[in-house]
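Enquirer: with the sequence up front, the predicted model follows.
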Amino acid sequence: MDIIAHIYNDYTEKFGVPRQSGLNPALLSRIVMESAYRAPEAFRGIEAYSHLWLIWEFSQVPADAPFSPTVRPPRLGGNTRVGVFATRSPFRPNRLGLSCVELARMEETAEGPVLVVAGADLMNGTPIYDIKPYLPYADAVPGARVNEALSRDRLEAVIPKDLAARIPADKLPALTEMLALDPRPAYQSDPQRVYGVRFGPYNIKFRVENSVLHVTGVE
């Protein structure tokens, strides 16, 4: 398969990337096409759709990683093994990801058409293999059954004013939402532990106590 595009955003490391798409709609990403796929007519009619499917590669997983039929999802505490095909783990036979994103707008640039999308769960620089429109009458399944054990309550993210002032105002909502989604593995709950997560050029330090995330530093 050919890589048709790459996505660019402020998720510069795996830690902190939402575990599913659509959870952080405040964060905008730019999809820049490879030169062979920049023909404007390839996007004709795309504005008629509010959401798109992205098919992409877990490019940070080693290509020679051995196949394991079971994985240990962090949301289940990191100790419970379940079948890889019953999860969205990145450690898969073909390392393919599937995400639904909102199409915010399309821009005409010197690099050809660029799609600006909201709610992506892809790291900065992730290669994309295909883009398809989301069809709610076919893709949405009301009442679908899910594993409720994978859900997790949101945190209250508290950023002191002096630290928030170091982040551009247009980036602050996306950072706040990323932190509220709780990037920690489910099995880590030490209220004294200080974590660090990358967001664009910033290193955000925080700790969590009683469902409140306190930002302690911005570097």
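Expert: Now that the structure is in, tell me what you want to look at. Residues are numbered from 1 along each chain as shown.
Enquirer: let me know the next secondary structure element after the host helix or strand of residue 203.
Expert: Counting by DSSP states H and E, the secondary-structure element that holds residue 203 is strand 202-209. Moving toward the C-terminus from strand 202-209, the first helix or strand encountered (DSSP H and E) is strand 212-218.
Enquirer: just checking, what packs against that next one?
Expert: In terms of contacts (3 or more CB pairs under 8 Å, 6 or more residues apart in numbering; DSSP states H and E), strand 212-218 is packed against strand 156-158, helix 161-164, helix 172-180, strand 202-209. In this view, the C-beta of every residue, glycine as well, is placed from N, C-alpha and C.
Enquirer: mind putting those in a markdown table, mean pLDDT included?
Expert: Converted to a markdown table, the helices and strands packed on strand 212-218 look like this (pLDDT from 0 to 100):
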| stretch | mean pLDDT |
| --- | --- |
| strand 156-158 | 96 |
| helix 161-164 | 96 |
| helix 172-180 | 96 |
| strand 202-209 | 96 |
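Enquirer: for the ones you listed, please prepare TSV with the additional fields mean neighbour count.
Expert: Output for these, formatted as TSV (neighbours: other CB atoms under 10 Å):
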stretch	mean neighbour count
strand 156-158	15
helix 161-164	11
helix 172-180	20
strand 202-209	18
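Enquirer: need the contact list for the spatially closest residue to residue 215 that is not a sequence neighbour.
Expert: Taking CB to CB, 6 or more residues apart in numbering as the measure, residue 215 lies nearest to residue 159, with 4.5 Å between them; neighbours along the chain are not counted. Applying CB atoms under 8 Å, 6 or more residues apart in numbering, one finds that residue 159 lies in contact with 167, 172, 175-176, 179, 215.
Enquirer: list just the nearest of these to residue 82.
Expert: Closest approach between the contacts of residue 159 and residue 82, by CB to CB: residue 179, at 27.3 Å.
Enquirer: wait, what's in contact with that closest one?
Expert: 155, 157, 159, 197, 204, 206, 213, 215.
Enquirer: and the gap between it and residue 218?
Expert: Residue 179 sits 12 Å away from residue 218 when distances are taken as CB to CB, to the nearest Å.
Enquirer: next, show the common contact partners of the two.
Expert: Contact criterion CB under 8 Å, 6+ apart; residues bridging residue 179 and residue 218 by contacting each: residue 204.
Enquirer: burial count for residue 83?
Expert: Here the count is done by other CB atoms under 10 Å, and residue 83 has 10 residues near it.
Enquirer: tell me the residue furthest from the middle of this structure?
Expert: Within the chain, residue 41 marks the point farthest from the mean C-alpha position, 28.4 Å out by CA atoms, centre = their mean.
Enquirer: surely it is in a helix?
Expert: Yes. Using DSSP: H, G, I helix; E, B strand; the rest coil, the secondary structure at residue 41 is a helix.
Enquirer: quick one: contacts for residue 36?
Expert: Residues touching residue 36, when contacts are defined by CB under 8 Å, 6+ apart, comprise 2, 4.
Enquirer: any idea how far residue 107 is from it?
Expert: 19 Å.
Enquirer: please point out which parts of stretch 90-104 sit buried.
Expert: Applying a neighbour-count criterion of 16 or more other CB atoms under 10 Å, one finds 90-92, 95, 97, 99-104 buried in stretch 90-104.
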